[in-house]
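In: pasting a predicted model and its sequence here:
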Amino acid sequence: MSGGKYGDLEGKCKKTIEHLKLDAGRLRTGRANSGMLEGVTVEYYGSFVPLIQMGMVNVPEPRMITVQVYDAAAVEAVEKAIQKAELGLNPMRDGNLLRLAVPSLTEERRKDLVKKLQKLGEDAKVAVRGHRKDANDSIKKEEKDKKISQDDARRHTEDAQKITDKYTADVEALVAVKEKEILEK
């Protein structure tokens, strides 16, 4: 069921989960997390370079991120990129080292982040169901074209539903864990 003409339903669902993990990882919690800087790009000699290629990112304390910038000439560009990213982080420079204190979140901000997270989760579930629909359409077409029997079609449709249920539960579990992290003080 997972391959062939039905599209790789399981593979597509896994990609959806990975995408959700990345998006959820970028959401700020009250704790420092190097993933917060993943989407940040730095203008460096006329091109945009991911911040994680510009320096070593560490989390030495629960509320502190450090970026050891490799090129001394790029420290200011990295600092500006972090400020432009609107992450609520204010870099403090110490030579080539940038310290980012992660302030605790207000209750209102936590609620906003939870809403955003739930929307990401709902979007992921919609994507998983869309992948199931594509697989089911392929199954119906093959049955109509007499490439598979009615029993095989029913079996494949049931398999598609099982895969969909599994990944929908994965989305819900991921969202629940991240929501707990956001609401943690």
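Out: Cool, got the structure.

In: alpha carbons only for contacts and neighbour counts from here, please
Out: OK.

In: can you tell me the centre-most residue of the chain?
Out: For the chain, the residue nearest the mean C-alpha position is Leu22 (1.8 Å; CA atoms, centre = their mean).

In: roughly how far apart are that residue and Val40?
Out: Look at Leu22 and Val40: by CA to CA, to the nearest Å, they are 13 Å apart.

In: one more: Leu113?
Out: Counting by CA to CA - Leu113 and Val40 are separated by 19 Å.

In: what do you get for Asp94?
Out: 20 Å.

In: which of these two has more neighbours?
Out: The neighbour comparison of Asp94 against Val40 (other CA atoms under 10 Å) goes to Val40, with 20 against 10.

In: what score does the more buried one have for pLDDT?
Out: You'll see Val40 listed with a pLDDT of 89.

In: how about the helices in this protein?
Out: Using DSSP state H, the helices of the chain run over residues 9-26, 75-84, 107-144, 150-183.

In: relative to Phe48, tell me which of the ones you listed wins on proximity.
Out: Closest to Phe48 of those is helix 75-84 (CA to CA; 10.1 Å).

In: for the closest one, give the mean pLDDT please.
Out: Averaging pLDDT along helix 75-84 gives 92.

In: restrict that helix to CA atoms and write it as PDB.
Out: Taking Å, rounded to 0.1, in the frame of the first residue of the first chain, the C-alpha atoms of helix 75-84 are listed here in PDB:
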ATOM      1  CA  VAL A  75      29.100  39.700  13.700                       C
ATOM      2  CA  GLU A  76      27.100  42.900  13.000                       C
ATOM      3  CA  ALA A  77      25.200  41.300  10.100                       C
ATOM      4  CA  VAL A  78      24.300  38.300  12.300                       C
ATOM      5  CA  GLU A  79      23.100  40.600  15.100                       C
ATOM      6  CA  LYS A  80      20.900  42.600  12.700                       C
ATOM      7  CA  ALA A  81      19.400  39.400  11.200                       C
ATOM      8  CA  ILE A  82      18.400  38.200  14.700                       C
ATOM      9  CA  GLN A  83      16.800  41.500  15.400                       C
ATOM     10  CA  LYS A  84      14.900  41.600  12.100                       C
END
